[in-house]
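> Predicted model, plus sequence, below.
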Amino acid sequence: MCPHCEAVITDPHATVCVQCLRPLRPPPVLRLAFPAGEVKIPVGQRLVLGRDAGQSPVAATFTQYDNVSRRHATVSLDAAGQPRVRDENSTNGTYVNGERIPPGVDVPLREGDLLRLAADVTGTVYLS
Ligand SMILES: [Zn+2]
C-alpha cells in the first residue's frame, strides 16, 4: 500500500506509486563504517578509497594506515541498489569477510559484510 495516498501496490518491486507517482521508499545509501569514520555512497555513484587525497575524497579516513595504497579500492552502489567493491591493484590487497578479492573485478557486497583494506583497517557494510 502507498504510504502517501493508500493506493494498493500490486508490484512488489515497484519503487514509485502508480497512482500518486511518489516514491514508495527512500533511495538506498551504501555506508561503510570504518574506525576513523563513516563513508557514504549514494545510489548510482562510486567512490575511491585510498590514502592519497588527490585520488580519494575520503583519504583522511585512511592516512594513518601505512599499508593502505594511495588508490586502494573503489566502492559503488548501482542504480538497482547493489553495492560492489573493486580492488585497484593495491599493494596489500582488499578482503571481503577475510577472503582476498582479485584485482580489477567488481565483487558484490551484502549488508553486514566486513570490508578490509590491507591488514589493518576493516569497515562494516550497511545499506539503508
Ligand atoms: Zn500513492
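The structure has been received and is ready for your questions. Numbers count the residues shown, from 1 in each chain.
> all contacts plus neighbour counts: C-alpha atoms, from now on.
Fine.
> Show me what from this protein comes close to the ion.
2, 4-5, 17, 20 (CA under 5 Å from the ion).
> Of the residues you listed, which is the most crowded?
Within the residues of the chain next to the ion, residue 17 tops the neighbour count with 21 neighbours, counted by other CA atoms under 10 Å.
> which residues does it contact?
Contacts for residue 17 (CA atoms under 8 Å, 6 or more residues apart in numbering) come out as 2, 7, 9, 23-24.
> In ChimeraX, how would I select the buried members of the residues you listed?
Of the contacts of residue 17, the buried ones go into a single ChimeraX selection, burial set by 16 or more other CA atoms under 10 Å:
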select :2,9,24
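> and the contacts of residue 17, which of them are in helices?
Of the contacts of residue 17, none are assigned to helices by DSSP state H.
> give the contact list for the residue most central in space within the chain.
Central residue of the chain (CA atoms, centre = their mean): residue 30, 4.2 Å from the mean position. Applying CA under 8 Å, 6+ apart, we find residue 30 in contact with 40-43, 77, 83, 125-128.
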